[in-house]
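In: Attaching a predicted model along with its sequence, questions to come.
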Amino acid sequence: MITSLVNKYNVAGPRYTSYPTVPYWDESTFSVDGYLRTLKTTFESSKSDGISLYIHLPFCESLCTFCACHKHITKRHQVEEDYIDAVLKEWTLYVDFLEDKPHIKEIHLGGGTPTFFSSENLSKLFDGIFKISVITADYELSFEAHPNHTSKEQLQALFDLGFRRLSFGIQDYGEKVQKAINRIQSFEQVKAVTEWSREIGYTSVSHDLIFGLPFQTLENIKDNITKTADLLPDRISLYSYAHVPWVKGVGQRGFDEKDLPKPKQKREMYEAAKSAFSDLGYDEIGMDHFALKTDSLYKSAKSKSLHRNFMGYTTNKTPLMIGLGMSSISDSWGGFSQNIKTVKSYQECVQTGQFPLFRGHILSKEDKVIRKHILNLMCHFETSWQSETLRFEGLEVTLERLQEMEKDELIQINDSSLIVLENGIPFVRNVCMAFDQHLMKNQPTKSVFSMTI
């Protein structure tokens, strides 16, 4: 049954960290001034909610060939200071524009490799941000880290700045897989950084794993689970490998496509991991995530306060998220914008006193309604249109598209609501695609998205 469903629903589709998804942004009607107006409107109407900051630190010392992130490969750590100066300059531009000190509720450092940066430069970055901001009483600071490039000193420095949550990119422990993706790190090193984090006092340690990598087998997955069980991180992210070699700048040509597991094998890997994590006491949260009952992500899911944005799943639902750094994406709730994608051009633009935005999208009334449905589905596996404000013109056609999934017992459609059933959780992206009016009206004619399963 599972195999036939995988074959049926394994199509290219978005991951829905936003709606509309980036390929469907209407850049022809986007302007920097127009986007900034939406940003200021949201800021002024939601000051008590606080804002989220995503800071992109793009540098890596080597290229991991599974990675589809925007990064800059270099071993020259002299690049750190100029980049930190540019990010602080960009933050000053926002604070000056908003004409008030923003109240920061959440900061996430992504990459690249955030721990590429020295403790001194990380401290300089946050001292500069905090100096012209207000930190809310219930703030949460988190960062991503590479086990091979994270020292105990860095962990302590970030803890002293207020960080309490971090995620280590593990991906896979198998030697052949690690060589193929150029991400070689030992279990001993992962164990060391995990234990240092706990000794220092971090309250949530997450491990990122990927299934569907080149040369990966079910035995690899079982070994990954055994090693993960030894360390028992608070959260686990289990991502399906997104093979998108057509994206410019992605180094996913270090292996042949024939070396990738088939969809059926990938599904077996996921089901084996999911079952094992459940036995270890983890609950499945949203899509791709697992958490112990003591972790805030679990508590947020149970209270239905879980949120999803360009940083992934978060316990903080802030209407305004500002992205700083090269290629960062911002969300004003009324619109999206993305920064320039190269380090040099980004730095040059910021230093001239200009916002480094190069594209974006202003949400229509329909966009905002459908966005709520997709957020509900991705976070809570259910949505409702009982309120007239949550109805949209294409709703009836959307439900017609979903009848086949209902016949396959993946979803349940009621008079004014939809529930994703247990067997349907792995196919939640397919459910969201039926709601996606931009995708339905304009199917891509070339490779744009990774496969859904």
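Out: Structure's in. What do you need?
In: Could you list the low-confidence segments of the protein?
Out: 1-3, 244-254, 444-453 (pLDDT under 70).
In: center of the protein - which residue?
Out: Gly312 (3.1 Å; Cα atoms, centre = their mean).
In: Report whether the expected contact of that one with Tyr16 is present.
Out: No: applying Cβ atoms under 8 Å, one finds Gly312 not in contact with Tyr16, separated by 11.1 Å. Where you see a C-beta, it was placed from the backbone N, CA and C, and this is true even at glycine.
In: Name the nearest residue to the residue nearest to the centre of the chain, sequence neighbours excluded.
Out: Nearest non-adjacent residue to Gly312, counting by Cβ to Cβ, 6 or more residues apart in numbering: Thr17, 7.0 Å away.
In: can you check Ser123 too?
Out: Ala157 (5.9 Å).
In: That neighbour and Phe163, how far apart?
Out: 9 Å (Cβ to Cβ, to the nearest Å).
In: Between these two, which is the more surrounded one?
Out: Phe163 (21 against 18; other Cβ atoms under 10 Å).
In: Is the more buried one in contact with Tyr139, as I believe?
Out: No: the criterion here is Cβ under 8 Å, and Phe163 misses it with Tyr139 at 10.2 Å.
In: Restricting to C-alpha, output stretch 404-423 in CSV.
Out: Output in CSV follows, covering the C-alpha atoms of stretch 404-423 (Å, rounded to 0.1, in the frame of the first residue of the first chain):
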residue,chain,number,x,y,z
GLU,A,404,-8.5,11.1,-4.7
MET,A,405,-6.4,11.6,-1.5
GLU,A,406,-9.6,11.1,0.5
LYS,A,407,-10.3,7.9,-1.3
ASP,A,408,-6.8,6.8,-0.4
GLU,A,409,-7.7,7.5,3.2
LEU,A,410,-4.9,10.1,3.6
ILE,A,411,-7.3,13.0,4.5
GLN,A,412,-10.8,13.5,5.8
ILE,A,413,-12.9,16.3,4.2
ASN,A,414,-15.8,17.5,6.3
ASP,A,415,-18.4,20.2,5.6
SER,A,416,-16.1,23.1,6.5
SER,A,417,-12.8,21.5,7.5
LEU,A,418,-10.0,19.1,6.4
ILE,A,419,-8.0,16.8,8.5
VAL,A,420,-4.7,15.1,7.4
LEU,A,421,-5.0,11.5,8.8
GLU,A,422,-2.0,9.6,10.2
ASN,A,423,-1.3,7.8,6.9
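In: what comes into contact with it?
Out: Contacts with stretch 404-423, where a contact means Cβ atoms under 8 Å, 6 or more residues apart in numbering, come from 5, 8-9, 377, 381-386, 399, 402-403, 424, 427-428, 430-431, 434.
In: tell me the secondary structure for the residue nearest to Gly312?
Out: coil (DSSP: H, G, I helix; E, B strand; the rest coil).
In: what about it, how many neighbours?
Out: The burial count for Thr17: 16, using other Cβ under 10 Å.
In: Can you report phi and psi for it?
Out: phi -80, psi -10 (degrees, to the nearest 10).
In: where along the stretch 51-200 of the chain do the helices fall?
Out: 79-98, 119-131, 152-160, 175-181, 187-200 (DSSP state H, counting those that start in this stretch).
In: Report the distance from the longest one to the chain centre.
Out: Same thing as helix 79-98. 23 Å (Cα atoms, centre = their mean, to the nearest Å).
In: for that helix, which positions count as buried?
Out: By 16 or more other Cβ atoms under 10 Å, the buried positions in helix 79-98 come out as 79-80, 83-95, 98.
In: With only the CA atoms kept, save that helix in CSV.
Out: The C-alpha coordinates for helix 79-98 follow below in CSV (Å, rounded to 0.1, in the frame of the first residue of the first chain):
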residue,chain,number,x,y,z
VAL,A,79,36.2,38.0,5.6
GLU,A,80,34.5,37.9,8.9
GLU,A,81,34.9,41.5,10.0
ASP,A,82,33.7,43.2,6.8
TYR,A,83,30.7,40.9,6.7
ILE,A,84,29.8,41.6,10.4
ASP,A,85,30.1,45.3,9.7
ALA,A,86,27.7,45.0,6.8
VAL,A,87,25.1,43.1,8.8
LEU,A,88,25.2,45.7,11.6
LYS,A,89,24.9,48.5,9.0
GLU,A,90,21.9,46.8,7.5
TRP,A,91,20.3,46.4,11.0
THR,A,92,20.9,50.1,11.6
LEU,A,93,19.1,50.9,8.3
TYR,A,94,16.0,49.0,9.5
VAL,A,95,16.1,50.6,13.0
ASP,A,96,16.4,54.1,11.5
PHE,A,97,13.5,53.4,9.1
LEU,A,98,11.2,52.0,11.8
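In: pull the longest strand from this structure.
Out: The longest strand of the chain (DSSP state E) is strand 134-145.
In: which neighbours does that one have in its sheet, and in what orientation?
Out: Strand 134-145 has its sheet partners listed here by DSSP bridges as strand 103-111 (parallel), strand 165-171 (parallel).
In: Those strands into a markdown table, with extra columns for distance to Asp49 and mean neighbour count?
Out: Listed next are those as a markdown table, based on distance: least, Cβ to Cβ, whole Å; neighbours: other Cβ atoms under 10 Å:
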| stretch | distance to Asp49 | mean neighbour count |
| --- | --- | --- |
| strand 103-111 | 7 | 24 |
| strand 165-171 | 20 | 23 |
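In: Among the ones you listed, which comes closest to Thr318?
Out: For the strands paired with strand 134-145, the distance to Thr318 is smallest for strand 103-111, at 5.5 Å, taking Cβ to Cβ.
In: Just the C-alphas of that closest one, formatted as CSV.
Out: Only the C-alpha atoms of strand 103-111 are listed here, as CSV (Å, rounded to 0.1, in the frame of the first residue of the first chain):
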residue,chain,number,x,y,z
HIS,A,103,11.5,44.4,20.4
ILE,A,104,13.3,41.2,19.5
LYS,A,105,11.6,38.0,20.4
GLU,A,106,13.6,35.5,18.4
ILE,A,107,16.9,35.4,16.6
HIS,A,108,18.2,32.5,14.5
LEU,A,109,21.6,32.2,13.0
GLY,A,110,21.7,30.2,9.7
GLY,A,111,24.2,29.5,7.1
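In: For that strand, report the contacting residues that lie outside it.
Out: Strand 103-111 is contacted from outside by 47-60, 69, 71, 129, 133-136, 138-144, 311, 314, 316, 318, using Cβ under 8 Å, 6+ apart.
In: Compute the inter-axis angle for it and helix 119-131.
Out: Orientation check (axes from the mean of the first three to the mean of the last three Cα atoms, to 10 degrees): strand 103-111 against helix 119-131 gives 150 degrees.
In: now strand 103-111: how far from the chain's centre is it?
Out: The answer for strand 103-111 is 13 Å, by Cα atoms, centre = their mean.
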